[in-house]
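In: Model the following, please.
(one chain, ligands or ions: 1)
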Amino acid sequence: MAYDDDNIFAKILRGEIPCDKVHETEHSLAFRDINPQTPVHVLVIPKGKYVSMDDFSANASDAEQADFMRAVGAVARMEGIVENGYRVLSNIGRDGHQEVPHLHMHVFGGKNLGRMIKPIDK
Ligand code: 5GP
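Out: Okay, the predicted model is just below:
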């Protein structure tokens with residue numbers, strides 16, 4: 001999938017629309033989800049134009065990739081969810097129900113999150 005410069009996270013990165021910033025590094029930005037599903041619901045995105053994890057892992061520099069992983073962990077520590085646990089999740093593509101075509105990790109926490117997914121219909 002080609003990167004769409006008009007996606008909402010690209011606009012946040014350009015400062016065209018606001019976000020509730022939690023953490024920022026050289027290559028990554030973390031901000032609160034506008035429609036939180038859990039008491040802690042933060043989105044961590046790379047600043048580069050990457051659509052998905054497969055795109056990012058193949059095309060981002062080592063520095064961008066290290067920075068992104070460190071940003072996810074830093075958010076968990078900053079949000080105080082390390083002791084009780086949390087969930088990191090990325091929806092990718094059609095089957096993953098990705099709404100915004102800019103790679104993002106959801107960091108969920110602040111409550112018991114239950115089991116990860118429902119049993120699938122085969
Ligand atoms: P996806 O389904 O792509 O994994 O999730 C996209 C997430 O982006 C959703 O949880 C949605 O609430 C969040 N979102 C969509 N638009 C905005 C926005 O303008 N600002 C923020 N902070 N989050 C957004």
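
In: what's the closest non-adjacent residue to Gly96?
Out: Nearest non-adjacent residue to Gly96, counting by C-beta to C-beta, 6 or more residues apart in numbering: Ser90, 7.7 Å away. (Glycine included, C-beta is placed from N, CA and C.)

In: Likewise for Asp4?
Out: Nearest to Asp4 is Pro101, by C-beta to C-beta, 6+ apart, at 5.4 Å.

In: can you check Glu24 too?
Out: Nearest to Glu24 is Ala30, by C-beta to C-beta, 6+ apart, at 7.2 Å.

In: Pull out the buried positions in the strand or helix carrying Arg70.
Out: Following DSSP states H and E, one finds Arg70 within helix 62-78. Residues 64, 67-68, 71-72, 74-76 are the ones in helix 62-78 that count as buried (16 or more other C-beta atoms under 10 Å).

In: Tell me where the protein has strands.
Out: Ranges of strands in the chain, per DSSP state E, are 21-24, 28-32, 40-46, 86-89, 105-109.

In: Return the most buried member of these.
Out: Of all these, strand 40-46 has the most neighbours on average by mean count of other C-beta atoms under 10 Å, namely a mean of 23.

In: Tell me which residues are up against that one.
Out: Here strand 40-46 makes contact (C-beta atoms under 8 Å, 6 or more residues apart in numbering) with 9, 13, 22-23, 27-33, 56, 60, 64, 67-68, 71-72, 75, 79, 81, 86, 102-110.

In: again, but for stretch 104-120
Out: Looking at stretch 104-120 with C-beta under 8 Å, 6+ apart, the contacting residues turn out to be 9, 30, 33, 37-45, 68, 72, 75-76, 79, 81, 84-91.
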